[in-house]
Structures are given as structure tokens and as C-alpha cells.
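Novice: Quick one, structure for this:
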Amino acid sequence: MTRDQASRLKSLIEDISLCCQERIELFSRRFGLTPAELRSLLLFKDERYLTLTTLAQRLEVAKSRVNKILEGLLKKKLIERLDDPKDSRVKLISLTPAGQKKTREVDELMTDMHHSLVLTLNAEDRKTVLSALELLRTSMDAVKKRLE
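Specialist: Residues are numbered from 1 along each chain as shown. Here you go, the predicted structure:
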């Protein structure tokens, strides 16, 4: 790969990342959440409970920051804190029914948006784009493992 190709790849990934951040901000406003609250809710998509530590790791922020995020979600009645039956020192965080509903609504809107995006491509380009993205993800994972 030439330096020009590496530079082009870097620029494209930065552009895509910025687009994703803008999408999160747009969805946050639409659903009356901060971007951090939205990202936090989406972490519950396939989880019944999460702990403060798990949320901090997945969001890549300090526990104190997660506590602030959770305070906002508690005020909006989207999450609840429960005692862990196995360890009373641990609090389990789960979505309330309203939080589950909001998470489903966000996920459905995201799915609709990606569906619209895919429809802008012809059938052959869809296959090419999806294959290229899968290859890119695999390559990125391989490079990450070498750096660890």
C-alpha cells in the first residue's frame, strides 16, 4: 500500500466516523437524550442487566462519568438500579419498560436509516460495499491484535 492510499483510507475512515457521530447527535436530539445517554441505552440492546464497571468499560469513560449519565437516565425513568442478589455491594442497572421502548424506537430508526442508505446503491454496489466493509473490519481487527 502506498502512503497516498493509507492517507486516503485514514481520511475516509475519519469521514465515516464523523458521520456516525453526527447521526448519534441527531438521534439524541430526536429522542430527548444526550449522546452519552443514547450510547448507554444502546448497550442494553442484548443485555438484561449491566454494571457500572461494564458500562464504564464499554463507553470507555470513568465510572464517575457513567454515574452522571445514569443520573440523567434515572430522572427520565429509562433505567433502574437493582441490588445484585449475589453481592449487595454491586448494583445492577436495567432498562425500565419505558427504556426498553425507547431503545427499540432508536434501534428501529437506525435500521430504517441503514435500509435507506442501502437502497441508494444498486444491487451490485451493495454487494461490493458490504464485502469491502467486512474485509475492512477483519483487517482492522487483525491490526488491532498485533498492536495489543
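
Novice: Quick check: longest strand in the chain by residues?
Specialist: strand 87-95 (DSSP state E).

Novice: Tell me how many other residues surround Leu109.
Specialist: 15 (other Cβ atoms under 10 Å). C-beta: built from backbone N, CA, C; applies to glycine.

Novice: my read is it is in a strand, agree?
Specialist: No - read with DSSP: H, G, I helix; E, B strand; the rest coil, Leu109 is helix and lies in no strand.

Novice: Now do the contacts for it.
Specialist: 27, 30 (Cβ atoms under 8 Å, 6 or more residues apart in numbering).

Novice: what's the answer for Arg146, then?
Specialist: No contacts exist for Arg146 under Cβ under 8 Å, 6+ apart.

Novice: Arg104: neighbouring residues, count only.
Specialist: Residues near Arg104, counting by other Cβ under 10 Å: 12.

Novice: Which of the helices or strands spans it?
Specialist: Per DSSP states H and E, Arg104 falls inside helix 97-119.

Novice: what mean pLDDT does the longest strand of the chain have?
Specialist: Confidence for strand 87-95, expressed as mean pLDDT, is 87.

Novice: how would you label Thr128: helix, strand or coil?
Specialist: helix.

Novice: Distance of it relative to Glu134?
Specialist: Thr128 is 11 Å from Glu134, where distance means Cβ to Cβ, to the nearest Å.

Novice: can you check Leu33 too?
Specialist: The value you get for Leu33 to Glu134, if Cβ to Cβ is used, is 30 Å.

Novice: Just the angle for the helix holding Arg104 relative to strand 87-95, thanks.
Specialist: For helix 97-119 against strand 87-95, the angle by axes from the mean of the first three to the mean of the last three Cα atoms, to 10 degrees is 50 degrees.

Novice: Use 15 as the first number from now on
Specialist: I'll keep to 15 as the first residue from here, and by that count the last item is helix 111-133.

Novice: Okay, buried residues for helix 111-133 please.
Specialist: For helix 111-133, a neighbour-count test (16 or more other Cβ atoms under 10 Å) marks 113, 116-117, 120 as buried.

Novice: neighbour-wise, which of Leu47 and Glu148 wins?
Specialist: Leu47 (22 against 10).

Novice: you'd agree the more buried one is in a helix?
Specialist: No - Leu47: not assigned to a helix; according to three-state DSSP it is coil.
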